[in-house]
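Trainee: Predicted structure and sequence below. I'll ask about it afterward.
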Amino acid sequence: MTGDKLRELERNRRKALWALTNLHPGDPNASDLLTILDDLDDQERKDTSCSDKPLELVEVRNSVSVIRHNIGIDIILEQTIPQPWRERFYQASIGSTRLVDGHYAADWDKFLDGWDAEMRHLKQHRASRYTHRTD
């Protein structure tokens, strides 16, 4: 997947996930957002340029090294974040501060914890998609 395509896909995913945050599982207003997210997942799966399956959250968490910066805080180096996780982190971090040498490790941890919560919330929405019909 090209960088531009990945950026667009993750930007759209981020917008849909943020909008979904305000809805309870089973809310009929989530239907369009779930369709968008399903389509984005399909696009990612069908992409032939990505021969490897994206790393799972725990694998990503364990693969990115935290280093101590000389000003006394922990940072991560962006080049050590595998794609598509790097782009996901970028999209979730737009407007955040960082050091020239790297991102704050605390921001990375917050993103990963938030992603985990978002995926659990999305799973609840998907599970209740068909159980809250009005006939």
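Mentor: Yep, it's here.
Trainee: what packs against the worst-scoring helix or strand of the chain on mean pLDDT?
Mentor: Within the chain, no helix or strand scores below helix 57-63, which has a mean of 91 by mean pLDDT, DSSP states H and E. Applying 3 or more CB pairs under 8 Å, 6 or more residues apart in numbering; DSSP states H and E, one finds that helix 57-63 contacts helix 105-128. C-beta coordinates here come from the backbone N, C-alpha and C atoms, glycine included.
Trainee: Just the buried residues of the helix it packs on, please?
Mentor: 105, 107-108, 111-112, 115, 118, 121-122, 125 (16 or more other CB atoms under 10 Å).
Trainee: how close does the residue most central in space within the chain get to residue 68?
Mentor: By CA atoms, centre = their mean, the chain has its centre lying nearest to residue 88, at 4.5 Å. Separation of residue 88 from residue 68 (CB to CB, to the nearest Å): 25 Å.
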